[in-house]
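*Asks:* fold the following, please.
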Amino acid sequence: MKQKNVHRGVSNMPTPEQRTNTPVLGVGKVSRIHRTYSRERKQRSRQEKGVMFREYLKYAFLLIAVVLVAGVTWILYQQINRKPETAAVTNLTEDTFDVPHPSASECIRLVTAFLKAGSPSELAGIVRLKRLDAEQAYAEFIEIRKQSGEVERIDWAGAEEANGLSLEMVMVTYKTGKYRIAFLTHDEQGNWKVDVESFLGHNTRPWDQIIGKGSCKALVRVLATPDSYYNGLFRNEQEWGCLALTSPDHPERIYGYLKPQSPAILAVTEMLRTKNPAVMIVEISRDAGMDPLQYEIKKIIAQGWVESDVEFSSRFIRGSLESPSPQ
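*Replies:* Next comes the predicted model:
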């Protein structure tokens, strides 16, 4: 028997609002999602990731190219601006390797023998002489020995390079509390000797002549500090730079004056950048019309108290440093 289709009537059924007396939000027309939607969405996601990867790759290649160009440019710049090694640096390197430095104990042994020297001839064999002969050096050495008293201890104090010289330092301490530094350097044959003139604090004129009146020219070993004593022939601060010069062996202070932009003031300014007071050997000159304690500084002979064959201020003759007067 053929089954009849059943049709349900809905016209008399109450609506949701009628059953609950509460309004129901409408959702509009609902349609079925196509079965290919998920596959298309995944395909679009893969395409978007591919585009982003290509963009990242492009920026990565660009960054690598920029780094390579910068690196090549820097290498070329360094090659173009490379400065040749100077003769002084080359000589220093050769000296460091060709002339072995003595050990600390050997330095102390040499200074001990120097302090015990009993004659000019004995002294001459173990010291470096530049402006003094053995007789003069021994006479000053005996005077220093009387003033300083008995030695309490001798200690190695290190090594340094100054004025193109390799130096070893030994501190000699006296029972009076005073001390002196003995500098050792080597001669042309590679023999290490005590630089006796720096140990003595030797000046080419006696100190009583240096602080006296009248004309005087001398090389002095001093400590230099900027000063503002402008008087007499050196009253104009615009025309001169002023230094106070002192000696550890003498209480009197003298004053040295330098012309602006001279090699001497350029050399002093360079020294004072690293150490104040600056330790130096200077050539000073006083005319008869100058006050007793005033000198014009002509040259800076050495940085420190060990004199070499090259004047320190000569390296500033063609210098272009802007160096104001010491204040």
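*Asks:* correct me, but residue 212 touches residue 292?
*Replies:* Yes: with contact defined as C-beta atoms under 8 Å, residue 212 counts as touching residue 292 (6.2 Å). For glycine as for every other residue, the C-beta is placed from the backbone atoms N, C-alpha and C.
*Asks:* what about the strands in the protein?
*Replies:* Assigned by DSSP state E, the strands in the chain fall at 127-128, 151-162, 165-174, 179-186, 192-195, 216-226, 241-247, 250-258, 278-286, 294-303.
*Asks:* quick one: which of these is nearest residue 140?
*Replies:* In terms of C-beta to C-beta, the element of the strands of the chain nearest to residue 140 is strand 127-128, at 11.5 Å.
*Asks:* so residue 188 versus residue 64, what's the distance?
*Replies:* Distance from residue 188 to residue 64, counting by C-beta to C-beta, to the nearest Å: 58 Å.
*Asks:* return the helix or strand in this protein with minimum mean pLDDT.
*Replies:* Lowest by mean pLDDT, DSSP states H and E among the helices and strands of the chain is helix 87-98, with a mean of 44.
*Asks:* so residue 257 touches residue 291, yeah?
*Replies:* No: between residue 257 and residue 291 there is no contact under C-beta under 8 Å: 11.0 Å.
*Asks:* neighbour count winner among those two?
*Replies:* Using other C-beta atoms under 10 Å as the criterion, residue 257 and residue 291 rank with residue 257 on top: 24 against 15.
*Asks:* OK, contacts around residue 176?
*Replies:* Residue 176 makes contact with 148, 149, according to C-beta atoms under 8 Å, 6 or more residues apart in numbering.
*Asks:* again, but for the one 3 residues further on
*Replies:* By C-beta under 8 Å, 6+ apart, the residues touching residue 179 are 171, 172, 173.
*Asks:* and which of the residues you listed is nearest to residue 182?
*Replies:* Nearest member of those to residue 182, counting by C-beta to C-beta, is residue 172, at 5.9 Å.
*Asks:* pLDDT wise, what is that closest one at?
*Replies:* On pLDDT, residue 172 comes in at 97.
*Asks:* so how far is residue 135 from it?
*Replies:* Distance, residue 172 to residue 135, by C-beta to C-beta: 23 Å.
*Asks:* out of those two, which sits in the busier spot?
*Replies:* Taking neighbours as other C-beta under 10 Å, residue 172 and residue 135 compare with residue 172 leading, 22 against 11.
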